[in-house]
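[1] Structure for this input, please:
(one chain, ligands or ions: 1)
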Amino acid sequence: MAAGDRQHELAGWKAIADHLGVSIRTAQNYEKHGLPVRRLSAGPNGRVLAVKAELDEWWSRRDVPPPETPVLDLPVPDPHVHSGAILGRPGVWRYARWLLGGLAAGALLLSVLPLGRNVEPIGLKGDGEYLVATDGQGKEVWKAKMPWRPDPSVYRLPKLASQRRFQFIDISGDQGPELLAQYVPEDYNTRGQYLYCIGPKGVPLWRYKFGRDVADSRTTFSSVFWANSFEVVNLKGGAERRIAVAATHSLSHPSQVSILDTQGRLLREYWHSGHLRHLLAQDLDGDSEPELILGGANIGRHLATLVILDSRNLGGASSQPVGDPYTLKGFGKGTEKTVVFFPRSCLGLHEDFDIVSQIRITANRISVIVRQGVDERAPYFLIFELNWQLELIGIVQSDTYAARHRELEAQGLLKHSFSLAEIDRLRGEYRVIH
Ligand SMILES: [Zn+2]
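    Residues are numbered from 1 along each chain as shown. Have a look, this model is predicted:
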């Protein structure tokens, strides 16, 4: 029993945060809101332990007030990156991320020192007509008056590395970090939604409106799109910078991937039938230029998908099956480098499609969490472990997977009992298209 329990347990805040897909600080903040952790020793720094099933259960019914001070989802440094692998090919971007994490952690340390105006902001909140940049203690560093009242809830959402809401980053390379942030006006249905760039002292610099009118064979969609995530992409060793933004129509399926210059001007765009809600940049092929990894669902194929794009050469729209009514009109062939389709398990077959709900990049793996069904928050899922070549290394089911299977059996939606062999069979249906 005790030995069996081991694999159901998570030791330490990093493991717990990874499991939830949030930053360590956010996980620690959740403890105040009932996150089920057990303390092995007293004091704020005492060791903690959690049971995966209890975390999943809490996560599935959570109603978590936001952390008091929203923080960036700092990438946790990979211990291997500090040693010889730093300038190794796939290691470069990870090292850059580690550096960025280090800089933000540095900003956090500075912010507790009495440095007055030199404090760099790390948090963001909405307050009436203002966006307020805050330090590590939630104190205002600057505020910017916005054209319309911002919806503050955007900055309180749980933070995933693959769903970035805002970032302080010096994109102009001169006077300190600018803020790049999703901006959702309260009245977004008439105003639209934006990526906003605000200068180091709170001076708005530019904004980019996501989306535009597009149509599939049945519907013409309005130009109101939600931003899903963005990444600042360093090309040519940082000599050239681009901003990649993934956005999805506010009510329906079309997704747009935009490539902007650092002034917010649209350079290229790619369109997709289905949600592309996750975005990361990572050099997969070892040429030191990061690829864009997008994750979501291809609605016409009913499959969870990854789309790999080159930000330097990007255009067209996703290839859909012949006669697919979701095919977007008026676009050329998409310029995908690679497309991955994940197999559907019996858990989601009674629903419209599966969907990627998280992408994590670790030492030498890409871990993709795929929900079996359309509910991105469902506590049952499969984790597909891929290498840099996007070859499938393994599939792991969540602890709650078998219980969900039994639920569907009880509802008469499944006529067989769960076995590990059915997970194994999925490996043969994993598809990579180059
Ligand atoms: Zn089954």
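[2] what packs against the helix or strand where Val141 lies?
    Here Val141 sits within strand 140-145, counting by DSSP states H and E. Judged by 3 or more CB pairs under 8 Å, 6 or more residues apart in numbering; DSSP states H and E, strand 140-145 is in contact with strand 130-134. All C-beta atoms are positioned from the backbone trio N, CA, C, and that covers glycine.
[3] which other helices and strands contact the strand it packs on?
    Using 3+ CB pairs under 8 Å, 6+ apart: strand 130-134 touches strand 123-127, strand 140-145, strand 178-183, strand 194-198.
[4] show me what contacts Leu195?
    Residues near Leu195 by CB atoms under 8 Å, 6 or more residues apart in numbering: 180-183, 207-208, 210, 227, 230, 243, 245, 260, 264.
[5] ok, and the closest non-adjacent residue to Lys236?
    Glu289 (7.6 Å; CB to CB, 6 or more residues apart in numbering).
[6] Can you get me the centre-to-centre distance for stretch 261-268 and its chain?
    What separates the centre of stretch 261-268 from the centre of its chain is 21 Å, taken as CA atoms, centre = their mean, to the nearest Å.
[7] Quick one: end-to-end length of that stretch, please.
    From its first residue to its last, stretch 261-268 covers 10 Å (CA to CA, to the nearest Å).
[8] List the buried residues in that stretch.
    By 16 or more other CB atoms under 10 Å, the buried positions in stretch 261-268 come out as Thr262, Gly264, Arg268.
[9] how near is Gly300 to Val184?
    28 Å (CB to CB, to the nearest Å).
[10] which of these two has more neighbours?
    Val184 (23 against 20; other CB atoms under 10 Å).
[11] and the most centrally placed residue in the chain, what is it in contact with?
    For the chain, Ser162 is the residue whose C-alpha lies nearest the centre (CA atoms, centre = their mean; 2.0 Å). By CB under 8 Å, 6+ apart, the contact set of Ser162 is Ser229, His278, Leu279, Leu280, Gly295, Gln358, Ile359, Arg360.
[12] which helices and strands sit right next to the helix or strand hosting the fourth one?
    With elements taken from DSSP H and E, the one containing Leu280 is strand 276-282. In terms of contact count using 3+ CB pairs under 8 Å, 6+ apart, strand 276-282 is assigned the packing partners helix 91-111, strand 225-235, strand 240-249, strand 254-260, strand 291-298, strand 355-361.
[13] Name the helix or strand of the chain that has the lowest mean pLDDT.
    None of the helices or strands of the chain scores lower by mean pLDDT, DSSP states H and E than helix 91-111, at a mean of 41.
[14] Spatially nearest residue to whichever residue of the chain sits closest to the ion, not counting backbone neighbours?
    Closest approach between the chain and the ion, counting by CB to the ion: Cys346, at 3.5 Å. With sequence-adjacent residues excluded and distances taken as CB to CB, 6+ apart, Cys346 is closest to Leu414, at 5.8 Å.
[15] Would you mind confirming that the one you found is in contact with His405?
    Yes - between Leu414 and His405 there is a contact at 6.5 Å, judged by CB atoms under 8 Å.
[16] residues in contact with Lys333?
    Taking CB under 8 Å, 6+ apart as the criterion, Lys333 is in contact with Gly316, Ala317, Ser319.
[17] Among those, which has the minimum pLDDT value?
    Lowest pLDDT of these: Ser319, 92.
[18] related to what we said a few turns ago, touching, the residue nearest to Lys236 and Arg312? I think so.
    Yes - contact status for Glu289 versus Arg312: in contact at 7.2 Å, counting by CB under 8 Å.
[19] and Ala297, how many neighbours does it have?
    Neighbours of Ala297 (other CB under 10 Å): 29.
[20] What's opposite it in the beta bridge?
    Ala304 (DSSP bridges).
[21] Per-residue pLDDT of it, please?
    Taking Ala297 on its own, its pLDDT is 95.
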